[in-house]
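> give me the fold of what follows.
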Amino acid sequence: MFADCTSSATLRANQLRLYFSAFAYCLLQALRRLALRGTQFAKAQCHTLREKLLKIGARIRITARKLWVSLPTAYPYRDVFSAAVRRLHDLPLRI
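Here you go, the predicted model:
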C-alpha cells in the first residue's frame, strides 16, 4: 500500500513501515474476503476501501458493556458498512 514512502533516515524505520503496510494490506484482504463478499466492494482496491468505507466521520461512544458507532445520516455506504460489521460480528472466533 505505501511501499513507496520509505523516506525515514534508518533502515529499521523503513522496514517497520513496510511491515505495517503489509499487515494493513492483509487486514484489508481479509475484510474484503470475509465481510464484503457479495457487495459492490468485493473486488475494490485498497485505496477505494480506505476512502469510502474506513475514512468516515463517526461518533463513537463507549459504555461499560457496549460500543456505539453513530454514522452520519448522509453517509452513502451506510448499508454496506452495517452489513460488513454484522458479518464480522457473526464470524466464529478462531485462536
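
> how about low-confidence regions in this protein?
Where the chain drops to pLDDT under 70, the residues are 1-6, 95.

> what segments of it are helices?
11-34, 46-49, 78-90 (DSSP state H).

> which strands and helices sit next to the second one?
Think helix 46-49. For helix 46-49, the packing partners by 3 or more CB pairs under 8 Å, 6 or more residues apart in numbering; DSSP states H and E come out as helix 11-34. (Each C-beta comes from the backbone N, C-alpha and C, glycine too.)

> what packs against the helix it packs on?
Under the contact criterion of 3+ CB pairs under 8 Å, 6+ apart, helix 11-34 touches helix 46-49, helix 78-90.

> which of the residues in the first one are buried?
Of the residues in helix 46-49, those buried under the neighbour-count criterion (16 or more other CB atoms under 10 Å) are 46, 49.

> equivalent analysis for the last one, please.
In terms of neighbour count (16+ other CB under 10 Å), helix 78-90 has its buried residues at 80-81, 84, 87.

> other residues contacting it?
Helix 78-90 is contacted from outside by 31, 34-36, 39-41, 53, 56, 71, 75, using CB atoms under 8 Å, 6 or more residues apart in numbering.

> narrow the residues you listed to those in strands?
The members of the contacts of helix 78-90 all map outside strands under DSSP state E.
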